[in-house]
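J.: Give me the fold of what follows.
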Amino acid sequence: MTTQEAPVVAKDRTAGKDLATTAVSGGTTGADQPAADRGRTSIADVVVVKVAGIAAREIPGVHAMGGGLSRSIGAVRDRVPGGRPNVGRGVKVEVGERQTAIDLDLVVEYGVSVMDVAQDVRENVVGAVERITGLEVVEVNVTVNDVHLPDDDEPAHAGEARVE
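T.: Below you'll find the predicted structure:
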């Protein structure tokens, strides 16, 4: 007997917060069943967020992810000793029993084709999420929030003293 489970709430033992999970394969019980079919598999939403975030960042032309405020807060977090980058920044997902929808917020490099980057991001995210999680990706919505200019990295008046 195969069953499909509705979303289950599990506890994140490291942060103490609830995580939404979705059963993607129903299992059967009983010693007469094949070992691979005994039990069920659940995937937390955060798994899809991380896979999609990493896949999107792999594409040339993607400078950063997230909106203005989340990028600013993330930049501060990334500089804190012992802090680690948030690969899920700029990624929102909706996960069902067998399907997922993904929304991405990107900053692209100046000079690249925004449409080409968005298409490449979509293809890479769909491929990675479907391969790793087994969920069908029904849509990947890409929002380009900003363009990174080459001179944005240079500090203003570097090496020039204001006072003597």
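J.: packing partners for the top helix by length along the chain?
T.: With secondary structure taken from DSSP state H, the chain has its longest helix at helix 114-133. Applying 3 or more Cβ pairs under 8 Å, 6 or more residues apart in numbering; DSSP states H and E, we find helix 114-133 packed against helix 45-57, strand 99-109, strand 136-148. Any C-beta I mention is one placed from the backbone N, CA and C, and that applies to glycine too.
J.: May I see the buried residues of the shortest one?
T.: So the one you mean is strand 99-109. By 16 or more other Cβ atoms under 10 Å, the buried positions in strand 99-109 come out as 100, 102, 104-108.
J.: could you dump those to CSV with pLDDT and distance to Gly90?
T.: Compiled in CSV, the buried residues of strand 99-109 are given as follows (pLDDT from 0 to 100; distance: Cβ to Cβ, whole Å):
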residue, pLDDT, distance to Gly90
Thr100, 96, 16
Ile102, 98, 11
Leu104, 97, 6
Asp105, 96, 4
Leu106, 96, 7
Val107, 94, 8
Val108, 96, 12
